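Chemist: how would this look folded up:
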Amino acid sequence: MLTINMLSSADKVKGQGVGSAYLEQVDLVKNGLNNEFKVVVNQKKRTEIMHYHTIDLKHFLSIPFAKKKGVTIGYVHFLPETIEGSLKLPKAFKKAFYSYIIKFYKSMDYLVTVNPVFISKLESYGIDRNKITYIPNFVSNKKFYKITKERIYEERTKLNIDKNSFVVIGVGQVQTRKGVLDFIDVAKKMPDVQFIWAGGFSFGGITDGYKELKKIVDNPPQNVIFTGIVDRTEMNVLYNVSDLLFMPSYNELFPMSILEAMNTHTPILLRDLELYTYILFDYYIKGKNNEEFIKEIKKLKYDSDYYKSAVEKSKRGNSFYSKDHILNMWHDFYKKTYDFYKKTYDFYKKTYENKLGGNINEQNKV
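Modeler: Got it, this is the predicted structure:
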């Protein structure tokens, strides 16, 4: 049985999607492929498959040793351009950090990206396209699911939200890239709608736009609630008490919040970005600016047929990103990458032994 060593520090920082994606992927593979693969987490030992979920320096230093035993796989959760608008970094450090990100990815035998648009972007950094595979994120329906209307009313009461209010939720770290300023601008122009932003400053003062955003969080409009960082176990309730997930982000890969909302059949309104076209098809509603966002929210609030169609879009998206579909993709990927590694390793081993005139394993004992 092949062993996969999942290497990550993503769950150390609360309130970021990378951590959620990591935990879901590990659970999926550990429970769904346990007949063929043994999964260990953050073990120092080298295994047949070393799956790097984060780009820690200690992980980078382990790569040459990992390659002596098996295949290395890197999970692409972000690129240099997706960090812009997220963190405010000194220029010198930023340049070095961005260079390090690409160097880390280049050192992998294979890469997995959660959005097919990023295949060409990685290729533009000089990474072989054949090394890159697209596998979308996954969210368990045991953690995110639709609850009853009675429960929704109860939870709204706990949050001091009128049971008849139209509720719009935004999810993610409070940062410029997430479009929080646009979210607030839309909320100000729609005082009859309740807005919630679930998320906080996961990286504190180095968050891009921190000072401006902190003032808004500390003194929000009357119809806006900032929850701060929310434990993921509590997010299912927030999606259910909401009538709409509104994400005006300027840059993303594949937000976990979208899949989570789909599991609860909550309609989704997003900024019209190219990257969503290839992963969300027609499962969402889109707008190009705040005027269009407001128009869509009003239509969803007052047109019941339009709202029902938006719910159906979300349901279809939930069905498309099913457990079995994603699990099969991981199974095929892990098997393919290791089989190719083993074939290549055996070829070079045989060639080397023929040159030396002996068994490489026996000679390594000397």
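
Chemist: Show me where the stretch 251-366 of the chain has its helices.
Modeler: In the stretch 251-366 of the chain, the helices defined using DSSP state H, counting those that start in this stretch lie at 256-263, 274-280, 290-302, 304-320, 323-356, 360-365.

Chemist: Could you list every helix and strand in contact with the second one?
Modeler: Spelled out, that is helix 274-280. The contact analysis (3 or more Cβ pairs under 8 Å, 6 or more residues apart in numbering; DSSP states H and E) places helix 274-280 against helix 117-124, strand 268-271. (C-beta placed from N, C-alpha, C; glycine too.)

Chemist: Adding mean pLDDT and distance to Leu280, write the ones you listed out as JSON lines.
Modeler: JSON lines is the format used below for those (pLDDT from 0 to 100; distance: least, Cβ to Cβ, whole Å):
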{"stretch": "helix 117-124", "mean pLDDT": "94", "distance to Leu280": "12"}
{"stretch": "strand 268-271", "mean pLDDT": "98", "distance to Leu280": "8"}
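
Chemist: hey, which of these is tucked in deepest?
Modeler: A comparison of those by mean neighbour count, using mean count of other Cβ atoms under 10 Å, puts strand 268-271 on top with a mean of 22.

Chemist: any chance of the helices and strands packed on helix 274-280 in CSV, plus distance to Met190?
Modeler: What follows is those, written out as CSV (distance: least, Cβ to Cβ, whole Å):
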stretch, distance to Met190
helix 117-124, 31
strand 268-271, 13
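
Chemist: Of these, give the one that comes closest to Lys188.
Modeler: Across the helices and strands packed on helix 274-280, Lys188 has its closest neighbour in strand 268-271 (17.1 Å, Cβ to Cβ).

Chemist: Go ahead and confirm Leu79 touches Ile101.
Modeler: Yes: contact between Leu79 and Ile101 holds when scored by Cβ atoms under 8 Å: they sit 7.2 Å apart.

Chemist: Compare the two and say which is more crowded by neighbours.
Modeler: Using other Cβ atoms under 10 Å as the criterion, Leu79 and Ile101 rank with Leu79 on top: 20 against 16.

Chemist: The nearest residue to Lys286 once chain neighbours are set aside: neighbouring residues, count only.
Modeler: In space, and not counting its chain neighbours, Lys286 is closest to Asp272: 4.3 Å by Cβ to Cβ, 6 or more residues apart in numbering. Asp272 has 13 neighbouring residues, counting by other Cβ under 10 Å.

Chemist: contacting residues for Asp272?
Modeler: 286-288 (Cβ atoms under 8 Å, 6 or more residues apart in numbering).

Chemist: got those as TSV, with pLDDT columns?
Modeler: Output for the contacts of Asp272, formatted as TSV (pLDDT from 0 to 100):
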residue	pLDDT
Lys286	97
Gly287	97
Lys288	97
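
Chemist: of all those residues, which comes closest to Thr133?
Modeler: For the contacts of Asp272, the minimum distance to Thr133 (Cβ to Cβ) is 26.9 Å, reached by Lys286.

Chemist: Mind listing the residues bridging to that closest one?
Modeler: Listed by DSSP bridges, the beta-bridge partners for Lys286 are Leu270.

Chemist: Check the spacing between it and Phe65 real quick.
Modeler: 46 Å (Cβ to Cβ, to the nearest Å).

Chemist: what do you get for Thr157?
Modeler: Taking Cβ to Cβ, one finds Thr157 at 56 Å from Phe65.
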